[in-house]
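K.L.:
Here is the input, now give the coordinates:
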Amino acid sequence: MVLHKVEQCHIEFIFPFVQHLLQKAVDTNLGETSLEDTKNNLLEGRQQLWICINELTEKIELALTTQIVYYPTQKHLQIHLTGAEPHTIDNWLHSWSKPLEDFCKENDIKFIECAGREGWIKVLGKLGYKKYVTVLVKEL
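P.N.:
Predicted coordinates:
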């Protein structure tokens, strides 16, 4: 299985096939983004959509969105939303990192960053990711 970047001109067609996956990630956030916001960001080129398709079933098993974050001295690729079909992580986990890294090299991006639940530390640590910060929030 290989991670594919969906070209901006194909977002409108592909989005209905991945919105249920991305909705899972939206449902776990604090309300800072919606599925509609995500779709608009993708359509306008502010974010990128990536998908993994199972060649045997021809089903999309993983959808993730990224955005380039511009810091004063460098660019980072932020993994924004990640959603997958249940029990498919072994199918796509080892195939999504290289395409993202290649995209970063092509765009002079220095780091890939993502925020997520603690369980991602164990999973992504196997791919060379390390915990950098912990984000704490308090609802007011």
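K.L.:
show me the biggest helix of the protein in terms of residues.
P.N.:
Criterion DSSP state H: the longest helix present in the chain is helix 11-27.
K.L.:
Let me see the ranges of the helices in the chain.
P.N.:
11-27, 35-43, 89-92, 97-106, 119-125.
K.L.:
Show me what the fourth one is in contact with.
P.N.:
In other words, helix 97-106. Outside helix 97-106, the residues within contact range by Cβ atoms under 8 Å, 6 or more residues apart in numbering are 2-5, 48, 50, 66, 77, 79, 109-112, 127-128. Every C-beta, even on glycine, is put in place using the N, C-alpha and C of the backbone.
K.L.:
same check, this time on the third one
P.N.:
Taking Cβ under 8 Å, 6+ apart as the criterion, the residues outside helix 89-92 that touch it are M1, L3, C52, N54, E61, L62, A84, V123.
K.L.:
Out of those, which sit inside strands?
P.N.:
L3, C52, E61, L62, A84 (DSSP state E).
K.L.:
Tell me which two of those residues sit farthest apart.
P.N.:
Greatest spacing in the ones in strands among the contacts of helix 89-92, by Cβ to Cβ: L3 and A84 (11.7 Å).
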